[in-house]
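Asker: One predicted model, sequence on top.
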Amino acid sequence: MLLKSSKLNSSSIGRSGHAPGCPCCSGVSLRKPNVFKARNSAFSKSPTPLANGQLAKPTAVQAVSAGEKPVEVAELHARMAAQQMQLQQLTQALETMGKTALGAVGVHTPASASEQPAPGVLSIEQRAAEVRKSFPNALAVDDFMNRVEVALADKGFTGNNTIAMSNLCRDESCMILEDKIESVFGSCFSTHGLGGVLTCGVIGIKAGLSHSPVLGGKEQYVFFSFPHIAIDSDGGVGKISRPNRPDTSAACGALCACLGQLQAEGLDSNCRTPGVHDAEDPEYSILKQRLARQLKSENCKVEDLDLVSITKAAERTITNDLKHLISKAVDPSKANYAVFTGVQIHNWATDLTDGKTPSLEFVAAGECYTVINGKQEKLDVNAVPALSPRQLRLLGQVAEEQHPENDLPDQDSVVQEVPRGYLMRRIGGAAGARKSPVSYINVPM
């Protein structure tokens, strides 16, 4: 805060428009009270020396001047304590003002020792970097959805005039992303399948489209389609912890199974005629044979595959399937729509009962575009300006007021933690929420 004058007087105290925590606006006096009167006070005189050279302590009688009432020493000590408290409040208020001013220009103080990760534990920055080794364009899920909302609003798509069609894996861990989508567009029409495979067909797509709002005589849809993968807080690919379950689990389990079987059996033996599938495992068998056809068309060698590469192949496969269904189900002369594909990434704590390790979610965008009046236009989500950490916190505060049980942490980063209380209840039920409190992190990024 800049002061035009070095002098502070009572007329300037209480003036509005100062930074949060300003002492003059918070009722903290800037003047040092005169506890001891300089004139006519025994304390302004030299105390009487004793024989041993020490000074005698004043008594109530000594503290009496002409025309004044006696003042007990204990009362004076109480006044001094009160003044000390006021000075401490003033100091704290000035420190708050300084931090606010620094934050306004983008200067951040380092996190305290308790907020720093323990030796050998990855920091938030390191975890995000680890995710981006496999998915370079990955964004934190809140950051991703905010950019999507901004980009679509510019094209005329909002939660009031658009229905969201979500196609995710059936895994309950994917509901974190579905909740984020629904927070913008309301309840989704879901076409979920194992590994994100689309099996609803043309009729299934049309069923959801028939629920759309109508704007200017046209329906409006936005399609979200994401297979998923886990990269845990230690960087373990495919590993995910689940509430109230010992050891780690796999994500995506269906794609892990496809990877193993395709490498063991080869691509040719799994390239069945479209429409032919295992009656006891319809979704899984369809997922595996579609992956086999996609990989064969790309001249991929199965021995070179790993979970990251087959997840990316699944995204390409499912995106092609979605485009085909859209071409059969959507009439561009009667509807406008948008498409967002990519990969959902779970970067959860290796131990969900550890309240100190945050769980994170990321999304790596694939194909993103709008089709308005029959004209397709590409969207680059990563090129949309991100909201600031302050804006993200403000949005989070609104959500926290609506759902205070979510225990939203206060973070100074665009990588926002999935509130542990919410995650445990959403994925593990009410029993999972009683393990330990949510962690609070404040790591700029």
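Answerer: That came through fine. Numbering: from 1, shown residues only.
Asker: hey, let's count contacts and neighbours off CA atoms from now on
Answerer: Fine.
Asker: Only alpha carbons, please: show stretch 219-237 as CSV.
Answerer: Extracted in CSV, the C-alpha atoms of stretch 219-237 (Å, rounded to 0.1, in the frame of the first residue of the first chain):
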residue,chain,number,x,y,z
GLU,A,219,-30.9,-28.0,-30.8
GLN,A,220,-27.4,-27.7,-29.2
TYR,A,221,-25.2,-30.5,-28.0
VAL,A,222,-21.7,-30.9,-26.6
PHE,A,223,-20.0,-34.3,-26.7
PHE,A,224,-17.3,-35.3,-24.2
SER,A,225,-15.5,-38.6,-24.8
PHE,A,226,-12.5,-39.7,-22.7
PRO,A,227,-10.9,-43.0,-21.9
HIS,A,228,-8.8,-42.8,-18.7
ILE,A,229,-5.5,-43.8,-17.1
ALA,A,230,-4.0,-43.5,-13.7
ILE,A,231,-0.6,-42.1,-12.9
ASP,A,232,-0.4,-42.0,-9.1
SER,A,233,1.3,-39.5,-6.8
ASP,A,234,4.6,-41.5,-7.0
GLY,A,235,4.5,-41.6,-10.8
GLY,A,236,3.2,-45.2,-11.0
VAL,A,237,1.5,-45.6,-14.4
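Asker: Point out where this protein drops to low pLDDT.
Answerer: With pLDDT under 70 as the threshold, the chain has low-confidence stretches at 1-73, 90-120, 396-414, 416, 428-445.
Asker: Strands along that one, start to end?
Answerer: In the chain, the segments counted as strands under DSSP state E are 138-140, 163-168, 189-190, 214-215, 218-226, 228-230, 239-240, 249-250, 335-347, 360-372, 375-378.
Asker: With distance to His77 and mean neighbour count as added columns, please give these in TSV.
Answerer: Below are the strands of the chain laid out as TSV (distance: least, Cα to Cα, whole Å; neighbours: other Cα atoms under 10 Å):
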stretch	distance to His77	mean neighbour count
strand 138-140	55	23
strand 163-168	68	26
strand 189-190	70	19
strand 214-215	74	16
strand 218-226	68	24
strand 228-230	62	28
strand 239-240	60	24
strand 249-250	64	16
strand 335-347	56	25
strand 360-372	53	21
strand 375-378	73	12
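Asker: can I get the ones you listed in JSON lines with distance to Gln126?
Answerer: Shown next, in JSON lines, are those (distance: least, Cα to Cα, whole Å):
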{"stretch": "strand 138-140", "distance to Gln126": "14"}
{"stretch": "strand 163-168", "distance to Gln126": "27"}
{"stretch": "strand 189-190", "distance to Gln126": "34"}
{"stretch": "strand 214-215", "distance to Gln126": "45"}
{"stretch": "strand 218-226", "distance to Gln126": "24"}
{"stretch": "strand 228-230", "distance to Gln126": "16"}
{"stretch": "strand 239-240", "distance to Gln126": "17"}
{"stretch": "strand 249-250", "distance to Gln126": "22"}
{"stretch": "strand 335-347", "distance to Gln126": "12"}
{"stretch": "strand 360-372", "distance to Gln126": "12"}
{"stretch": "strand 375-378", "distance to Gln126": "31"}
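Asker: and of those, who's closest to Leu87?
Answerer: For those, the distance to Leu87 is smallest for strand 360-372, at 41.7 Å, taking Cα to Cα.
Asker: wait, what's in contact with the nearest residue to Val141 once chain neighbours are set aside?
Answerer: Spatial nearest neighbour of Val141, chain neighbours left out: Phe362 (4.8 Å); criterion: Cα to Cα, 6 or more residues apart in numbering. By Cα atoms under 8 Å, 6 or more residues apart in numbering, the contact list for Phe362 reads 138-141, 144, 344-347.
Asker: hmm, 7 Å instead?
Answerer: 138-141, 344-346 (Cα atoms under 7 Å, 6 or more residues apart in numbering).
Asker: I figured Phe340 hits Tyr221, correct?
Answerer: No - counting by Cα atoms under 7 Å, Phe340 stays clear of Tyr221, with 11.2 Å between them.
Asker: how near is Ser210 to Cys188?
Answerer: Separation of Ser210 from Cys188 (Cα to Cα, to the nearest Å) stands at 13 Å.
Asker: how many other residues sit next to Gln261?
Answerer: 14 (other Cα atoms under 10 Å).
Asker: isn't Val302 right up against Gln263?
Answerer: Yes - contact between Val302 and Gln263 holds when scored by Cα under 7 Å: they sit 5.4 Å apart.
Asker: More neighbours: these two, which one.
Answerer: Neighbours per residue (other Cα under 10 Å) separate Val302 from Gln263, with Val302 holding more: 19 against 15.
Asker: What distance do you get for the more buried one to Lys375?
Answerer: In this structure, Val302 lies at 38 Å from Lys375, with Cα to Cα as the measure.
Asker: again, but for Leu291
Answerer: Distance of Leu291 to Lys375, given as Cα to Cα: 30 Å.
Asker: Please apply the same query to Val150.
Answerer: Relative to Lys375, and taking Cα to Cα, Val150 is found at 20 Å.
Asker: Over to Gly201?
Answerer: Gly201 sits 24 Å away from Lys375, going by Cα to Cα.
Asker: just Ile229 next, same as before
Answerer: Separation of Ile229 from Lys375 (Cα to Cα) stands at 33 Å.
Asker: again, but for Arg425
Answerer: 43 Å.
Asker: With Asp142 instead?
Answerer: If you measure Asp142 against Lys375 using Cα to Cα, the figure is 29 Å.
Asker: which residues sit in contact with Lys180?
Answerer: By Cα under 7 Å, 6+ apart, the contact set of Lys180 is empty.
Asker: CA atoms only for stretch 177-188, dumped as PDB, please.
Answerer: Below are the C-alpha coordinates for stretch 177-188, written out as PDB (Å, rounded to 0.1, in the frame of the first residue of the first chain):
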ATOM      1  CA  LEU A 177     -14.800 -35.600 -14.500                       C
ATOM      2  CA  GLU A 178     -18.500 -36.200 -15.000                       C
ATOM      3  CA  ASP A 179     -19.300 -34.000 -12.000                       C
ATOM      4  CA  LYS A 180     -17.100 -31.300 -13.400                       C
ATOM      5  CA  ILE A 181     -19.000 -31.500 -16.700                       C
ATOM      6  CA  GLU A 182     -22.400 -31.400 -15.000                       C
ATOM      7  CA  SER A 183     -21.400 -28.400 -12.900                       C
ATOM      8  CA  VAL A 184     -21.400 -26.500 -16.200                       C
ATOM      9  CA  PHE A 185     -24.000 -28.100 -18.300                       C
ATOM     10  CA  GLY A 186     -26.300 -29.800 -15.900                       C
ATOM     11  CA  SER A 187     -27.100 -33.500 -15.900                       C
ATOM     12  CA  CYS A 188     -25.400 -35.400 -18.800                       C
END
